[in-house]
Every structure is written in structure tokens, then in C-alpha cells.
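Trainee: predicted model follows, preceded by the sequence.
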Amino acid sequence: MRKGAKRRDWSVEEERYLAASAGRIPKRDICLKLRRSSKSVERKAAAMRAAGADIDLRCYRPSLSPCPRCGCMSGTIDRRGLCEPCRRREQLAAIQSRIAAMLPRLPAAERAVYARTESMLESRAEPLPEAPDTSGMSRWRRAYREEAHALAVEQAVARNLRREVKAAQKRKERIQKKLKSMGVTQIGAEK
């Protein structure tokens with residue numbers, strides 16, 4: 001407190017506002033709203049923490065943004081606004097549609113062999129990371145851990161989809177190779 005300044009006690013309404021907005025909005029905005037100095041707000045938050053309140057003035061700004069297609073929080077949004085798992089799913093769907101278009105050009109016996117052998121092949125999926133235990137953490141630390149977990153889940157899903165895309169590309173290449181050895185062109189006409 002400045003020399004000669006009047007002391008202004010905290011009202012119950014100001015304390016409620018501090019408890020509700022601490023960690024959700026930046027400290028400077030809290031100071032402006034309450035018309036109090038940064039030191040005054042810090043001291044009051046420390047006193048409320050000592051009394052048992054869960055108050056942390058650190059404001060966590062998330063770095064993840066929602067994907068418009070799947071709605072999941074993502075750290076890998078591209079120019080089209082899609083997350084990496086959505087891009088991989090799109091890529092996988094395109095490859096599978098090409099495979100579905102080529103399968104009818106194979107003879108029935110080849111299709112049966114393909115269906116029997118390819119159904120047994122499956123790419124290994126990586127398990128998703130477990131959710132962190134956030135009990136007893138401050139709001140800021142909890143948000144930080146939850147965002148790190150969301151990012152780890154997104155990366156694991158993307159790796160699993162990447163494996164599926166590679167497997168589908170190999171299947172497509174094998175079918176193309178069979179069609180080429182049989183003399184069927186890509187357009188569907190025979191030589």
C-alpha cells in the first residue's frame with residue numbers, strides 16, 4: 001500500500017469474483033475489473049488459499065482447437081481445418097473406395113483367395129494412453145494435464161490410422177499387380 005493511501009477492504013462480492021475467475025481469465029483482467037493492484041490480488045489469493053480455497057491465478061490458455069469434422073480438440077489442424085486423424089480417415093476411405101472399384105475386375109477365384117487371405121491380415125493397433133489422475137490438482141495444472149492427454153490420444157489415433165492407411169495401400173498395390181499380371185488395364189478393359 002502506498003504511503004498516505006486509503007485502505008480498501010475486500011467485499012464478499014469481490015472475493016466471490018476472484019474465486020470464480022481465478023485461473024479462467026488473466027490476472028490483469030481481474031485487477032482491472034476489481035480496480036485493485038496486482039500485488040493486492042496476489043495477496044488476497046494467497047490468503048484465500050491459506051484458508052483452504054482452490055485458487056490459482058495462473059491462467060491456462062489452451063493450444064488445442066476443435067476440429068470442425070469430428071469435434072475433438074486437436075493440435076494438428078491443417079489449412080482445410082481438419083485434424084490429422086480426420087485427414088487419415090479421409091485418405092483411408094479414398095484408398096478403400098479404389099480397392100472396392102478394382103475388386104470386381106478380378107476373377108471370382110482370385111476374389112475368393114483375396115477375401116480369405118486379406119481378412120486374416122490386420123495391422124496392429126496401438127492402445128490409447130490412459131487418462132491422467134487429476135484429483136487434488138489445481139485448475140491450471142488439471143487443464144494442462146488434460147490437454148497433454150488429449151494431444152497424446154490424438155497422436156496415438158493418428159499413428160493407428162497411419163498403419164491402416166499403409167496396409168490399405170499395400171492391399172491396393174497387390175490387387176493392381178494381380179490385375180496387371182492378368183492383362184487388365186486400369187480402365188477396366190482387357191488386352
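Mentor: Received it, and whenever you're ready, just let me know what you need. Fair warning: this is a prediction, and the values are worked out from it, not measured in the lab.

Trainee: list the contacts of Leu57.
Mentor: 22-23, 27, 30, 41-42, 45 (C-beta atoms under 8 Å, 6 or more residues apart in numbering). All C-beta atoms are positioned from the backbone trio N, CA, C, and that covers glycine.

Trainee: now render those as TSV, adding distance to Glu154 and pLDDT.
Mentor: Listed next are those as TSV, based on distance: C-beta to C-beta, whole Å; pLDDT from 0 to 100:
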residue	distance to Glu154	pLDDT
Ala22	29	87
Gly23	24	83
Lys27	30	91
Ile30	32	93
Val41	36	93
Glu42	36	93
Ala45	34	92
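
Trainee: just give me the closest of those to Arg174.
Mentor: Using C-beta to C-beta, Gly23 is the member of the contacts of Leu57 that sits closest to Arg174, with 54.9 Å.

Trainee: Tyr60 is in contact with that closest one, correct?
Mentor: Yes - with contact defined as C-beta atoms under 8 Å, Gly23 counts as touching Tyr60 (6.9 Å).

Trainee: okay, those two: which has more neighbours?
Mentor: Gly23 (23 against 17; other C-beta atoms under 10 Å).

Trainee: tell me how far Ala94 lies from Gln176.
Mentor: Taking C-beta to C-beta, to the nearest Å as the measure, Ala94 and Gln176 are separated by 15 Å.

Trainee: just give me the residue closest to the centre of the protein.
Mentor: Ser74 (3.3 Å; C-alpha atoms, centre = their mean).

Trainee: need the pLDDT of the closest residue to that one other than its chain neighbours.
Mentor: Distances taken as C-beta to C-beta, 6 or more residues apart in numbering place Cys83 nearest to Ser74, at 3.5 Å, with adjacent residues excluded. pLDDT, Cys83: 91.

Trainee: pull the number of nearby residues for Cys83.
Mentor: Cys83, neighbours per other C-beta under 10 Å, totals 26.

Trainee: circling back: between Ala94 and Gln176, which is the more surrounded one?
Mentor: Neighbours per residue (other C-beta under 10 Å) separate Ala94 from Gln176, with Gln176 holding more: 15 against 12.

Trainee: in terms of helices and strands, where is the more buried one?
Mentor: Using DSSP states H and E, the element containing Gln176 is helix 139-181.

Trainee: would you map the strands across the protein?
Mentor: 65-66, 73-74 (DSSP state E).
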